[in-house]
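[1] got a structure for you, letters missing:
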């Protein structure tokens, strides 16, 4: 793009916040200097404008999906509160990421940024420290259906909008002075776990999952301190609770799948959504797993790069001890793979290839990985007799050639270079 060529100086410098701000000031959302088809700031602005027109003052009433958010800054002293849209009715879609596959990024942004967050400061380790508001936040998280809420803030909601690759985005916020919640039905399975103060949190998460409770509902229940043994219950920052549930449920599934017989062939499942392109490779071998993400220039985590940036994490049969540097996406995708293997009663090695292209305007949360890997694995796979044939398929589907995937992969290097007993049979 000729207009962008004059800004090499900005792109060649380290990606400091001031450089990004300078580029945005020069562009003002109209010149596409960042190379994106649409300005992410304008997408967010228009969405926020829609919701802010409905937030006229310090008083607000609406139907929480139900949704809550627990902050992490300053832990153990954190902000807790409901997420509340300025509308009444069935708002459940706004906080059910299991229903978002197939939605455009504009739709997701619209209904997420209409959620206003009330903030109430508490000690996350002391469930008696937050008074009635803390109890109401817990009650909202236990609800099966949207809950009507009336809230009073110390000022009109405003401020920055939250964007994070781990948590779902949401809109403006304000300190919460008081709120009133309507009557509603509790989620019966979560309510049962809430009253069982002898059941530890890990067992509660697995039990709820086995009973068919949505992952997103389990995450909310964990975050507001309604799971676990009585004296050890505490509020868990939303960002941490999301990964904790994915990791706990995934490890539970893996304890079964790693002892099953292996699949019989090499499989490729492919999928594309929100300008993210996916290939899931399953291999007929003992458990090993890897997630490889390729972020193109002008995407969220590679805004100034000239080259595609690739990051990966992996584990072999015995798992891993260190937290994956790739973040919560690693655990979300691992859980999704093991769901399929449990269903088939099999074991496999898995490598997930992800290309994030510039149309992925902004991060929308770790659900994007979990639900799209689930969607990919629900399709009919392409089956091959060898790893070479499967990687040829990856070559045809993905823009990045196999050589670069292999170079950045621990699992594929091992598969291609190490001799196994099967080689001698």
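    That came through fine. Just so we're clear, the structure is a prediction, and the values are computed from it rather than from any experiment. Numbering: from 1, shown residues only.
[2] surely residue 231 is in a strand?
    No. Going by DSSP: H, G, I helix; E, B strand; the rest coil, the assignment for residue 231 is helix, not a strand.
[3] burial count for it?
    Using other CB atoms under 10 Å, residue 231 is surrounded by 8 other residues. The C-beta positions use only the backbone N, C-alpha and C, and glycine is treated the same way.
[4] repeat that for residue 232.
    There are 12 residues near residue 232, going by other CB under 10 Å.
[5] check contacts around it.
    Contacts for residue 232 (CB atoms under 8 Å, 6 or more residues apart in numbering) come out as 200, 201.
[6] once you drop chain neighbours, what's closest to the most centrally placed residue in the chain?
    With distances taken as CA atoms, centre = their mean, residue 366 lies nearest the centre of the chain, 1.2 Å away. The shortest distance from residue 366 to any non-neighbouring residue, by CB to CB, 6 or more residues apart in numbering, is to residue 328 (4.3 Å).
[7] and that neighbour, what pLDDT?
    With respect to pLDDT, residue 328 scores 94.
[8] ok, back up a step: make sure the residue nearest to the centre of the chain is actually in contact with residue 330.
    No. The criterion here is CB atoms under 8 Å, and residue 366 misses it with residue 330 at 9.4 Å.
[9] now do the residue nearest to the centre of the chain against residue 335, distance only.
    11 Å (CB to CB, to the nearest Å).
[10] what's the overlap in contacts for those two?
    residue 246.
[11] for this protein, what helix or strand is lowest in average pLDDT?
    Of all the helices and strands that make up the chain, helix 8-12 has the lowest average by mean pLDDT, DSSP states H and E, namely a mean of 30.
[12] please enumerate the strands of the protein.
    59-64, 68-70, 77-84, 116-123, 147-153, 173-181, 266-273, 276-283, 288-295, 309-315, 349-356, 382-384 (DSSP state E).
[13] nearest to residue 322, out of these?
    Residue 322 lies closest, by CB to CB, to one member of these: strand 309-315, at 9.0 Å.
[14] what's around residue 154, how many residues?
    10.
[15] tell me the spacing between it and residue 279.
    Computed with CB to CB, the distance linking residue 154 and residue 279 is 50 Å.
[16] swap in residue 365?
    22 Å.
[17] and for residue 89?
    40 Å.
[18] quick check, pLDDT for the closest residue to residue 180 other than its chain neighbours.
    Residue nearest to residue 180 in three dimensions, not counting chain neighbours: residue 150, with 4.6 Å by CB to CB, 6+ apart. Residue 150 is assigned a pLDDT of 95 by the prediction.
[19] which residues touch residue 150?
    Residue 150 sits next to 59, 60, 61, 179, 180 when contact means CB under 8 Å, 6+ apart.
[20] and the fourth one, how many neighbours does it have?
    So that's residue 179. Around residue 179 there are 23 residues (other CB under 10 Å).
[21] who's in contact with the spatially closest residue to residue 326 that is not a sequence neighbour?
    In space, and not counting its chain neighbours, residue 326 is closest to residue 313: 4.5 Å by CB to CB, 6+ apart. Contacts for residue 313 (CB under 8 Å, 6+ apart) come out as 290, 291, 320, 324, 325, 326, 330.
[22] got the angle between the helix ranked longest in the chain and strand 309-315?
    Longest helix of the chain, by residue count under DSSP state H: helix 238-257. Between the axes of helix 238-257 and strand 309-315, defined by axes from the mean of the first three to the mean of the last three CA atoms, to 10 degrees, the angle is 50 degrees.
[23] packing partners of helix 238-257?
    Where contact means 3 or more CB pairs under 8 Å, 6 or more residues apart in numbering; DSSP states H and E, helix 238-257 is packed against strand 68-70, helix 201-210, helix 215-223, helix 328-344.
[24] how far away is the residue nearest to residue 180 from residue 182?
    The gap separating residue 150 from residue 182 is 8 Å, by CB to CB.
[25] what do those two both touch?
    By CB under 8 Å, 6+ apart, no residue touches both residue 150 and residue 182.
[26] gap between residue 389 and residue 199?
    48 Å.
[27] what about those two, which has more around it?
    Comparing residue 389 with residue 199 by other CB under 10 Å, the one with more neighbours is residue 199, at 18 against 14.
[28] so, low pLDDT: which residues of the stretch 301-425 of the chain?
    304, 419-425 (pLDDT under 70).
[29] tell me where the stretch 1-150 of the chain has helices.
    Ranges of helices in the stretch 1-150 of the chain, per DSSP state H, counting those that start in this stretch, are 2-5, 8-12, 17-27, 40-52, 105-113, 131-142.
[30] by mean pLDDT, show me the worst of the ones you listed.
    Lowest mean pLDDT within the helices of the stretch 1-150 of the chain: helix 8-12, at a mean of 30.
[31] could you report the neighbour count for the residue lying closest to residue 329 once chain neighbours are set aside?
    Nearest residue to residue 329 in three dimensions, chain neighbours excluded: residue 369, at 4.2 Å (CB to CB, 6+ apart). Neighbourhood size, residue 369 [other CB under 10 Å]: 28.
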